[in-house]
Structure formats: C-alpha cells, structure tokens
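Peer 1: Sequence and computational prediction follow.
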Amino acid sequence: MNPPRRRVFLDANVLFSAAYLEDAGLLALWRLANVLLLTSAYAAEEARRNLDSDERRARLAGLLSKMEVVSEPVNQPLPGGFRLRDKDEPIMRAAIASKATHLLTGDWRDFGEWIGKRVQGVRIQTPGDFLRAL
C-alpha cells in the first residue's frame, strides 16, 4: 500500500536555493515519490527576482514546471495568535488554502518560532528536517 500523498508547499527561499546551484541538494525534493510540490506565484516571483543570472532563472522555470503553482487567497485571515511579517503572510495563506500538509522554509527569522509546529493542518519545517523525517 502506498503512503498518503504529501502536499508540500515551498517558500521562495527554498525555490531560490534549489535553482541557485545546478546540483543543489534541495533538488532531492523533486525526486520524491508520493509528494506533490506546491508554491504560489508570489513565492515564485520572489525567488526569480532574487536570482542573479538567466541560467539560474531558467533552472527555476524548469523546477516550477514540475510543480503546481496555486493561487493566493486575498482575504483569508490567519489563525488567531499566528503572526508573521506582511511579506510572509501570503506564503502561509497560500499554503493553508492549497491544503498543503507541509510548508518548507529556510526563513528562521520570520518562521523560526513556528518551525516544527502545525498551523491549520500545515506542518512548518525546514527542507532538511522534512527530508530526514522521510
């Protein structure tokens, strides 16, 4: 019997890091069975904007073509007590709205207190923690 399919939302910094180096370790995420990778146009654009070469932006486009890019809900409130900076709220809202099981981020400054916790069914983890748990 196959394990349940994970719906894994990738933050912009994960997309950036995966596209930055041709042989990035994060590319392992794209090879996982029973995992659907998700992101939002907002996260994809943030990653693209921060990449410094056409080659890296092309790698990002290739990675995005193997993912589902979900819409961002405009007025979806975040759960009570859950606080993020304005720039990170669209990421969390999109992860929740897309029914992601996981949100992978390397953003310790903004998501640090939430890493390892679940927020409305979405487990927030670093990519390394996620991969080690498999």
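Peer 2: Good, I have the coordinates.

Peer 1: what comes up buried for the worst-scoring helix or strand of the chain on mean pLDDT?
Peer 2: Each helix and strand of the chain was given a mean pLDDT (mean pLDDT, DSSP states H and E); the minimum falls on helix 108-111 at a mean of 82. Neighbour-count burial for helix 108-111 flags 110-111 (criterion: 16 or more other Cβ atoms under 10 Å). C-beta: built from backbone N, CA, C; applies to glycine.

Peer 1: next one: stretch 25-37
Peer 2: Within stretch 25-37, the residues scored as buried using 16+ other Cβ under 10 Å are 26, 29, 35, 37.

Peer 1: what about this protein, any weak spots by pLDDT?
Peer 2: Along the chain, segments meeting pLDDT under 70 span 1-4, 79, 82.

Peer 1: Closest one of the buried residues of stretch 25-37 to Glu68?
Peer 2: Leu37 (7.1 Å; Cβ to Cβ).

Peer 1: Next, give phi and psi for that closest one.
Peer 2: Backbone torsions of Leu37, given as degrees, to the nearest 10, read phi -90, psi 130.

Peer 1: May I have the beta-bridge partners of it?
Peer 2: Note on Leu37: beta-bridge partners Val8, judged by DSSP bridges.

Peer 1: those strands in this protein, which residues are they?
Peer 2: Assigned by DSSP state E, the strands in the chain fall at 6-10, 35-40, 68-70, 102-104, 118-119, 122-125.

Peer 1: What pairs with the third one, parallel or antiparallel?
Peer 2: Paired neighbours of strand 68-70 in the sheet (DSSP bridges): strand 35-40 (parallel).
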